[in-house]
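J.: task: produce atomic coordinates for the following.
(one chain, ligands or ions: 1)
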Amino acid sequence: MPVPADLVFAAANAEALREIASWDGFRPATFAASEFPVDVVRFERSPSPPVVLSRARRAESLKALPASLRERAQRAFERAERPARTLLLARGRRLDLTECPAVMGVVNVTPDSFSDGGLYLDAERAVARAIQMFEAGASIVDVGGESTRPATYGDAIPVSVEEEIGRVLPVIEAIRSRTDRPISVDTRKAGVARAAVAAGADLVNDVSALRYDPEMLPLVAREKAAIVLMHMRGTDPRTMQADTSYAHPVADVASELAAAASRAIDAGVDAGAIAIDPGLGFGKSPPGNLDLLRHLAAFRSLGFPVAVGASRKAFVRRFSGVGDEASPADRLPGSLAALAAARAGGAAIVRVHDVEESVRFLRMLAAIEAPAPKRAAAETAAP
Ligand code: HH2
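T.: This is a model prediction of the structure:
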């Protein structure tokens, strides 16, 4: 089943509209300031230029479109505006996505991960950290045994399937023996995913979007595990930053994710078990990461929950003005700003290292935004 990558971009003002238009080189009609916000619907593989619709007059403007474009635009709006409320996990379980975004805590059982390498290589410490993350409000923990850091940090050390299993399996088994909360395994390798799911992992987080290991797709389909399809340039972290240019900074990534989702569904993966992730830092320039974050909402047009991970990454350091050797604490303000953008863009899952701080930050944003009756209910539930 082809997953359409017709995208809806939101533009709050004329400057944002000019940016979106510049990527496709079309000239939008002149909109009066009072007509903003507008939405730009971009039709994948269509000679028709994107259409710009004032949000307040969407229904009448849609009527003016030729029937085929109207239908495509309507469906893109529907997908973008009706996000999935759950993600289907292995063994028929579900991840609740109604309290968006769900926080995914990162536990890297590696010696060389870019920000926490070596901290949780010891299985007991990794398990303790995972439990601590759940207690702090994480909805899911993501256990990884291989660094996929870019070459700027020095090449990640290649890890064999056996070694990766040796790192993540005792951790996943021990977490599962202590809690039934959702566990994700961050791996590109089918052998690792198979062992992890057998040990109780519910979700496979594949940074290669099922392209690294040909056995991964049949495995995910067979095990009925949830899958995060993350976008990456190529399949090798050591070379992914060699070319970070895109014809369209958002649509190119979105159409590759749509193709990955189509392949998964064709192979028998339930569409409700798929989440997509633009892969910040994975073959993206520093400003390219900002484009993806600023227009994250466009990915919702694909119809899958959107996951995103900006936590502590190099572009966060760079734009928040801290040096290469910045400590996790120094990277936190930038990571939290990225979290606010991810939430505003409708991310369903945010992958973070600093779970405690991120949960509190998101709680506070939700409290500020909640209208009075909802706030009163939250307050009585608060500790
Ligand atoms: N980023 C990293 C690893 N896995 N998975 C998803 N879905 N999205 C991401 O953005 C993402 C990811 C890189 O971060 P980390 O695991 O902390 O570093 P390393 O690869 O060095 O272990």
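J.: quick check, pLDDT for Ser113.
T.: The pLDDT attached to Ser113 in the predicted structure is 82.
J.: my read: it touches Ser147, true?
T.: Yes - in terms of C-beta atoms under 8 Å, Ser113 counts as a neighbour of Ser147; the distance is 4.5 Å. Backbone N, C-alpha and C define where each C-beta goes, glycine included.
J.: and these two? which has more neighbours close in?
T.: Set Ser113 next to Ser147 and count neighbours by other C-beta atoms under 10 Å: Ser113 wins out with 26 against 23.
J.: host element of the more buried one?
T.: Per DSSP states H and E, Ser113 falls between elements, in no helix or strand.
J.: against Ala84, how distant is it?
T.: 30 Å (C-beta to C-beta, to the nearest Å).
J.: same check on Leu210?
T.: 19 Å.
J.: the two: which is more packed in?
T.: More crowded of Leu210 and Ala84, by other C-beta under 10 Å: Leu210, with 25 against 19.
J.: contacting residues for that one?
T.: 216-217, 220, 227, 229, 260, 263-264 (C-beta atoms under 8 Å, 6 or more residues apart in numbering).
J.: ok, now with 6 Å
T.: 216-217 (C-beta atoms under 6 Å, 6 or more residues apart in numbering).
J.: ok, Val168 next?
T.: Contacts of Val168 (C-beta under 6 Å, 6+ apart): 109, 143, 145, 196.
J.: one more pass at 10 Å, please.
T.: Contacts for Val168 (C-beta atoms under 10 Å, 6 or more residues apart in numbering) come out as 107-110, 123, 126, 143-146, 183, 185-187, 192-193, 195-196, 199, 201.
J.: intersect those residues with the contacts of the ligand.
T.: 108, 110, 144, 186 (C-beta under 6 Å from any ligand atom).
J.: and those residues, which is closest to Gln74?
T.: Asp186 (36.5 Å; C-beta to C-beta).
J.: now the closest residue to that closest one other than its chain neighbours, what are its backbone angles?
T.: Nearest residue to Asp186, sequence neighbours excluded (C-beta to C-beta, 6 or more residues apart in numbering): Gly144, at 3.3 Å. Note on Gly144: backbone dihedrals following degrees, to the nearest 10 are phi -120, psi 150.
J.: okay, now Gly144: neighbour count?
T.: Residues near Gly144, counting by other C-beta under 10 Å: 24.
J.: hang on, it packs against Val109?
T.: Yes - using C-beta atoms under 10 Å, Gly144 is in contact with Val109, at 6.8 Å.
J.: shared neighbours of the two, which are they?
T.: 120, 164, 167-168, 171, 186.
J.: by neighbour count, which of these wins?
T.: Asp186 (32 neighbours).
J.: for that one, list the residues it contacts.
T.: 104, 106-110, 113, 142-148, 168, 192-193, 196, 201, 203-207, 228, 230, 309, 351.
J.: what of Val352?
T.: 101, 103-106, 133, 138, 142, 308-312, 332, 335-336, 338-339, 342, 358-359, 361-362.
J.: Leu293 too?
T.: 278, 280, 308, 310, 315-316, 337-342, 344-345, 347.
J.: if we use 7 Å, what do you get?
T.: 310, 338, 341-342, 345 (C-beta atoms under 7 Å, 6 or more residues apart in numbering).
J.: name the next helix or strand downstream of the helix or strand harbouring it, please.
T.: Here Leu293 sits within helix 286-294, counting by DSSP H and E. Counting by DSSP H and E, the next helix or strand C-terminal to helix 286-294 is strand 307-308.
J.: not counting its neighbours along the chain, what's nearest Ser212?
T.: To be clear, residue 212 is Tyr; Ser isn't right here. Arg188 (3.9 Å).
J.: distance of that neighbour from Ala156?
T.: 12 Å.
J.: among those two, which residue is more densely surrounded?
T.: More neighbours surround Arg188 than the other of Arg188 and Ala156, with 24 against 20 (other C-beta under 10 Å).
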